[in-house]
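**Student:** only the shape, not the letters, is given here:
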């Protein structure tokens with residue numbers, strides 16, 4: 001009896017020790033599964049994925065700028081050593097890094113920076129295909145202004161626009177007024193005279209797979225019978241508008257929003273095609289057409305919420321479009337469903353009430369989850385407040401969005417593409433909540449359908465799709481001419 005009591009006490013003591021060590025052992029037992037780097041002009045993201053939550057501390061050091069991050073409870077392993085080779089020369093913020101065992105169970109990563117940064121370091125709980133993630137976002141001290149980015153793009157294109165040819169320009173007589181400047185030049189001048197509000201640095205989002213650095217405009221596999229066209233083919237103009245009083249004499253800005261990106265691959269087809277890659281390719285093709293077009297004599301300009309492979313939170317996409325005072329907002333996606341039978345293109349507008357169908361509601365919920373997958377820093381209170389302020393779309397905006405969506409849907413049907421639904425559907429898509437910009441979300445096809453996945457990979461299909469979207473935009477403006485810009489920049 002005495003021996004039995006002693007044995008019970010030993011077991012209880014052992015259990016108490018195990019309970020006391022439980023949290024400690026969990027913290028010390030994390031295994032690094034993967035590391036990924038997503039460099040972009042907006043910010044560079046580094047993610048460290050593990051099978052348990054990681055604790056970290058960071059210190060910013062200036063002159064030369066460096067960032068030291070201590071990760072507790074782990075030992076240096078091959079996955080962490082791989083991080084050194086993932087830093088590319090073109091990274092805007094990271095010049096290089098060193099990683100080592102700084103102390104028992106403490107790994108230190110030192111980032112040698114190209115410029116001073118404002119780091120955001122946060123953890124993400126498991127979601128989708130990811131386990132725990134420690135995220136390091138490196139933002140510039142001065143947040144990039146989308147308007148300045150648009151101006152910089154225009155300046156880069158200026159030599160090409162003005163160069164070439166052997167014709168000699170004849171100066172006007174001294175008494176004659178100078179010819180009108182590029183409307184974006186006027187926009188640039190107005191912008192330089194007004195400071196304008198700055199958007200908060202974006203917090204990131206997810207979805208994931210192997211790390212890749214953001215490519216130049218992506219190249220897709222060409223259809224055997226048709227190589228890529230060297231330039232965008234001309235799009236037939238819409239019927240002319242009779243009233244010349246509608247002429248705007250200003251730049252027409254269309255915000256193109258390629259969905260997902262970076263940590264968030266979006267839907268993945270049966271043959272491994274990633275939605276984020278396809279929609280970026282389509283957006284680049286559509287941008288070429290927009291930049292070569294005009295509305296009643298007013299030149300058009302496309303602005304991309306992301307022009308490479310990096311994640312942009314849903315609210316930040318809307319903020320960017322509003323910052324450049326876009327006239328339209330077109331979010332480009334590729335649909336997916338649980339069975340490969342679903343197929344066809346769709347166009348969606350925002351709904352202030354319920355979704356127009358259960359499928360539309362399901363899709364909106366899936367697309368709105370992008371922030372969870374991509375990885376938003378929920379501690380960024382200011383970004384949350386900004387996003388809440390955008391939840392105020394008006395009936396007029398939604399009505400205009402339905403008109404734009406109807407024009408696009410008709411043109412998509414005109415290229416022989418199958419439609420999933422014959423009318424514009426509505427649901428509560430977070431990315432469409434710009435209160436003052438007609439906004440639509442285009443699901444180009446079902447990437448989960450093997451036949452449509454193959455179509456989306458083809459250059460000629462992407463070209464035809466970009467043509468259809470361009471004609472839809474022009475058709476909308478032909479029937480709804482943009483007003484003269486009265487808003488200050």
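**Tutor:** That came through fine. Treat the numbers as computed from the prediction; the structure is a model and nothing was measured.
**Student:** which residues does the closest residue to residue 40 other than its chain neighbours contact?
**Tutor:** In space, not counting the residues next to it along the chain, residue 40 is nearest to residue 310; the distance is 3.7 Å by CB to CB, 6 or more residues apart in numbering. Bear in mind the C-beta positions are built from the backbone N, C-alpha and C, glycine included. With contacts defined as CB atoms under 8 Å, 6 or more residues apart in numbering, residue 310 is in contact with 38-40, 42-43, 45, 204, 214, 261-262.
**Student:** try 7 Å this time
**Tutor:** Shown in contact with residue 310 (CB atoms under 7 Å, 6 or more residues apart in numbering): 38, 40, 42, 45, 214, 261-262.
**Student:** and the host helix or strand of residue 152, what's buried?
**Tutor:** For residue 152, the enclosing helix or strand under DSSP states H and E is helix 146-162. Of the residues in helix 146-162, 146-151, 153-154 count as buried by neighbour count, 16 or more other CB atoms under 10 Å.
**Student:** same deal with stretch 430-444?
**Tutor:** Within stretch 430-444, the residues that qualify as buried by neighbour count (16+ other CB under 10 Å) are 430-434, 437-444.
**Student:** re the thing from before, which helices and strands sit right next to the helix holding residue 152?
**Tutor:** The elements that helix 146-162 packs onto, with contact taken as 3 or more CB pairs under 7 Å, 6 or more residues apart in numbering; DSSP states H and E, are helix 183-193, strand 298-304, helix 314-323.
**Student:** let's see that with 10 Å instead.
**Tutor:** helix 183-193, strand 252-258, helix 275-291, strand 298-304, helix 314-323 (3 or more CB pairs under 10 Å, 6 or more residues apart in numbering; DSSP states H and E).
**Student:** got the angle between that helix and helix 275-291?
**Tutor:** Our comparison of helix 146-162 with helix 275-291, counting by axes from the mean of the first three to the mean of the last three CA atoms, to 10 degrees, yields an angle of 60 degrees.
**Student:** and helix 146-162, what's its mean pLDDT?
**Tutor:** Mean pLDDT, computed over helix 146-162, is 71.
**Student:** closest to residue 102 out of the buried residues of helix 146-162?
**Tutor:** Proximity to residue 102 was ranked across these by CB to CB; first place goes to residue 149, at 38.1 Å.
**Student:** what pLDDT does the closest residue to residue 418 other than its chain neighbours get?
**Tutor:** Nearest-residue entry for residue 418: residue 344, 4.3 Å, with adjacent residues in sequence omitted and distances by CB to CB, 6+ apart. pLDDT, residue 344: 92.
**Student:** if I've got this straight, residue 98 is in a strand?
**Tutor:** Yes - according to DSSP: H, G, I helix; E, B strand; the rest coil, residue 98 belongs to a strand.
**Student:** picking that back up, how near is the residue nearest to residue 418 to residue 396?
**Tutor:** Look at residue 344 and residue 396: by CB to CB, to the nearest Å, they are 29 Å apart.
**Student:** higher neighbour count, those two?
**Tutor:** Applying other CB atoms under 10 Å to residue 344 and residue 396 shows that residue 344 carries more neighbours, namely 18 against 11.
**Student:** tell me the contacts of the more buried one?
**Tutor:** With CB atoms under 10 Å, 6 or more residues apart in numbering as the criterion, the residues that contact residue 344 are 335, 412-413, 417-422, 443, 445-446, 449, 452.
**Student:** dump these into TSV; add distance to residue 467 as well.
**Tutor:** Supplementary listing: these in TSV, determined by distance: CB to CB, whole Å:
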residue	distance to residue 467
335	20
412	10
413	13
417	11
418	17
419	17
420	20
421	22
422	20
443	18
445	15
446	21
449	22
452	18
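**Student:** buried ones among these?
**Tutor:** Using 16+ other CB under 10 Å, the buried members of those are 335, 412, 417, 420-421, 443, 445-446, 449, 452.
**Student:** quick one: the helix holding residue 152 to chain centroid distance?
**Tutor:** 20 Å (CA atoms, centre = their mean, to the nearest Å).
**Student:** quick one: that helix to helix 314-323, angle?
**Tutor:** Taking the same axes, to 10 degrees, one finds helix 146-162 and helix 314-323 inclined to each other by 60 degrees.
**Student:** and helix 146-162 with strand 298-304, angle?
**Tutor:** Computed with the same axes, to 10 degrees, the direction of helix 146-162 lies at 120 degrees from that of strand 298-304.
**Student:** that'll do, ta.
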